[in-house]
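> next one to model:
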Amino acid sequence: MFKTHDVRGLLNTQINQGTFYTLGRATARVFRYEATTGRDYRTGHRVLESAFLAGFESEGGQVSTILGNVPTSVISEENDGLGLCFTASHNPAGYCGVKFFIKNRYCTQNDIIRLKEEYDKLGGQETIRVPAYRLIEPSMNSKETIWDYCEKLPPFQNAIYDLAGGAACALEFLFNKKIFYSPDPDFKHHSPEPMDSTLTDLKKKTINSKSLGFAFDGDADRVIAVDNGKTIEGHILLIELAKQNLSPNDKVVLSIDCPTEAFEKLEDEGFKPSWAPVGDINVIQKALECGAKIAGERSGHYSFLPDYPYSDGLRAASIASNSMKVGQLTKLSEEFKNICLIESVFVRADFNKIQNYLNEQKNIQEIITIDGIKATFDNFSILIRQSNTEPKIRINAESTSLNDSQYAINLAKTAIEVSKIN
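Down below sits the predicted model:
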């Protein structure tokens, strides 16, 4: 259940009250801060949060504020020490989890390693007995804290907002035009993952009403834009956010899985872009290191530095709705000429051997290894990287021609095959 930067798993299979009681104990031992907590609407999270806090308080942990149902970004912004958001983000129904924040920033991988070590010392779920505890209720100051976050957001302008039945529903009063705004704990009516195939209703409504659309994931730390019925990729919205809100020579960070064409477009617009490994935590860390003002991922994570060093789909949507018009994002996306192909291979491979194989190919121009291998050739580029969330290798290829893009995919597959670990 321990992932790179959070805890997540299937309810009653990988996660239960016992594991979260022990996790709460371990958290109190590792992080000596008062906690602010909140949760999404998923089935199981209220019970899991209560069990976690029972364990947390049994080890002397102090809880300053219990917010109840809120998006993750409220926890990110409003905690003064330890932030705990009980959410499984975009994962399918049946998953539960918790994200950890230390004073507005995600916990690091080393923090999670320390937490797992302490959890294992306590015996995990095998030896724990869950004591009697009551289901927790929001604190007296919860409404004031939530409103403080809302007041820091620009007003949401004329667009259609798809709340997906997720955590954004806790703030549905902020949106004039909205769909799927009733909490849907088991996501029976809408997937918590916003992608082209799950946004049929939003796409139709943007066409009929000639409006922009914004769709949030399960905990609203990500957002996907829709313009004239077309789902807009994350790097397109990132570039437009930079164009509308930054000045020439400002720095922008984008994840390495964004097309090379997006990097070049940012340079053409007068910005100073930098690559970062995939993962919102990695992108934010790079942005803090280089002094970037906006950072984003292809998947729809956006951060606005230095004041808001966390991923916030709500803030991205509110800013975009104030600075963009219908057709603007579609027009920008049409300027991109490269054909991008994405495939996956379910094998293990030696990435040093993959790099050596690619270096031996003709017309190689550059190889970047900050996250997997991004290789640029005369007519195409390839990204080969290990998935952060699944046991597979992802391949991204782009070129101005379909034939070259397919050739790049085949080259990557050959490189992986000759470097396969049996």
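> helix, strand or coil for residue 331?
helix (DSSP: H, G, I helix; E, B strand; the rest coil).
> neighbours of it, how many?
13 (other Cβ atoms under 10 Å). All C-beta atoms are positioned from the backbone trio N, CA, C, and that covers glycine.
> let me know the distance separating it from residue 246.
Distance of residue 331 to residue 246, computed by Cβ to Cβ, to the nearest Å: 19 Å.
> same question for residue 309.
From residue 309 to residue 246 the distance is 17 Å (Cβ to Cβ).
> and what of residue 194?
From residue 194 over to residue 246 (counting by Cβ to Cβ), the distance is 25 Å.
> what of residue 397?
Noted for residue 397: a distance of 30 Å to residue 246, by Cβ to Cβ.
> check residue 14 too.
From residue 14 to residue 246 the distance is 42 Å (Cβ to Cβ).
> more crowded one of those two?
Neighbours were counted for residue 14 and for residue 246 using other Cβ under 10 Å; residue 246 has more, 18 against 15.
> the more buried one contacts residue 266, doesn't it?
No. With contact defined as Cβ atoms under 8 Å, residue 246 and residue 266 do not form a contacting pair (9.9 Å).
> joint contacts of these two?
Contact criterion Cβ atoms under 8 Å, 6 or more residues apart in numbering; residues shared by residue 246 and residue 266: residue 252.
> now the strands for the stretch 151-300 of the chain?
With DSSP state E, counting those that start in this stretch as the criterion, the stretch 151-300 of the chain has strands at 160-162, 177-179, 212-216, 223-227, 230-232, 251-255, 272-276, 294-296.
> how about low-confidence regions in this protein?
Applying pLDDT under 70 to the chain flags the ranges 125-134, 389.
> please repeat the previous calculation with a cut-off of 90.
Scanning the chain for pLDDT under 90 picks out 3-5, 32, 43, 79-80, 103-109, 123-141, 387-391, 422.
> wait, a strand at residue 36?
Yes. The assignment for residue 36 is a strand, going by three-state DSSP.
> partner strands of the one helix or strand residue 398 maps to, with direction?
Assigned by DSSP states H and E, residue 398 falls within strand 393-399. Strand 393-399 sits in its sheet next to strand 339-345 (antiparallel), strand 380-386 (antiparallel), going by DSSP bridges.
> what does it contact?
Outside strand 393-399, the residues that touch it by Cβ under 8 Å, 6+ apart are 257, 259-261, 338-347, 349, 372, 379-387, 405-409, 412-413, 416.
> filter those down to the buried ones.
Buried members of the contacts of strand 393-399, scored by 16 or more other Cβ atoms under 10 Å, are 257, 259-261, 338-341, 345, 349, 372, 380-385, 405-409, 412-413, 416.
> the residue nearest to the spatial centre of the chain and residue 84, how far apart?
Per Cα atoms, centre = their mean, the C-alpha nearest to the average position across the chain is that of residue 301, at 4.9 Å. Note on residue 301: its distance to residue 84, by Cβ to Cβ, is 20 Å.
> how about residue 109?
Taking Cβ to Cβ, one finds residue 109 at 18 Å from residue 84.
> which one's more surrounded, the two?
residue 84 (26 against 14).
> pretty sure the more buried one belongs to a strand, no?
Yes. Using three-state DSSP, the assignment for residue 84 is a strand.
> who does the closest residue to residue 347 other than its chain neighbours bridge with?
Leaving aside its sequence neighbours, residue 347 sits nearest to residue 420 (Cβ to Cβ, 6 or more residues apart in numbering; 5.4 Å). Beta-bridge pairing of residue 420, defined through DSSP bridges, involves residue 349.
> for residue 301, which residues are in contact?
The contact partners of residue 301, by Cβ under 8 Å, 6+ apart, come to 221-222, 234, 280, 283, 311, 313.
> of all those residues, which two lie farthest apart?
Within the contacts of residue 301, 283 and 313 form the most distant pair, 14.1 Å apart (Cβ to Cβ).
> state the number of residues packed around residue 364.
Quick note: residue 364 (other Cβ under 10 Å) scores 13 neighbours.
> any idea how far it is from residue 411?
As judged by Cβ to Cβ, residue 364 and residue 411 stand 11 Å apart.
> common neighbours of those two, please.
Contacts common to residue 364 and residue 411, judged by Cβ under 8 Å, 6+ apart, are residue 358.
> for the longest helix belonging to the chain, packing partners?
Ranked by number of residues, the top helix in the chain under DSSP state H is helix 402-418. In this structure, helix 402-418 packs against strand 339-345, helix 351-359, strand 380-386, strand 393-399, with contacts taken as 3 or more Cβ pairs under 8 Å, 6 or more residues apart in numbering; DSSP states H and E.
> neighbours of residue 173, how many?
9.
> the residue lying closest to residue 414 once chain neighbours are set aside and residue 421, how far apart?
Using Cβ to Cβ, 6+ apart and skipping the chain neighbours, the partner closest in space to residue 414 is residue 357 (7.8 Å). According to Cβ to Cβ, residue 357 and residue 421 sit 14 Å apart.
> looking at the two, which is more packed in?
Just comparing residue 357 and residue 421: by other Cβ under 10 Å the higher neighbour count belongs to residue 357, 20 against 8.
> residues contacting that one?
414-415, 418-419.
> now swap in residue 313 and tell me
Residue 313 makes contact with 71, 73, 168, 214, 216-217, 220-223, 300-302 under the criterion Cβ under 8 Å, 6+ apart.
> do residue 346 as well
Applying Cβ under 8 Å, 6+ apart, the residues contacting residue 346 are 391-393.
> hmm, which of those are the buried ones?
Buried among the contacts of residue 346 by 16+ other Cβ under 10 Å: residue 393.
> surely residue 78 and residue 148 touch.
Yes. Counting by Cβ under 8 Å, residue 78 touches residue 148, with 6.5 Å between them.
> list the residues that contact both of the two?
By Cβ under 8 Å, 6+ apart, no residue touches both residue 78 and residue 148.
> neighbour count for these two, which is higher?
Higher neighbour count among residue 78 and residue 148: residue 78, with 22 against 13, using other Cβ under 10 Å.
> please identify the helix or strand for the closest residue to the more buried one other than its chain neighbours.
Leaving aside its chain neighbours, residue 78 sits nearest to residue 145 (5.1 Å; criterion: Cβ to Cβ, 6+ apart). Secondary structure from DSSP H and E places residue 145 in helix 142-151.
> what does that helix contact?
Helix 142-151 has contacts (Cβ under 8 Å, 6+ apart) with 36, 65-68, 70, 73-74, 77-78, 170-171, 174.
> now the helices for the stretch 101-250 of the chain?
For the stretch 101-250 of the chain, the helices defined by DSSP state H, counting those that start in this stretch cover 109-121, 124-127, 142-151, 200-209, 234-245.
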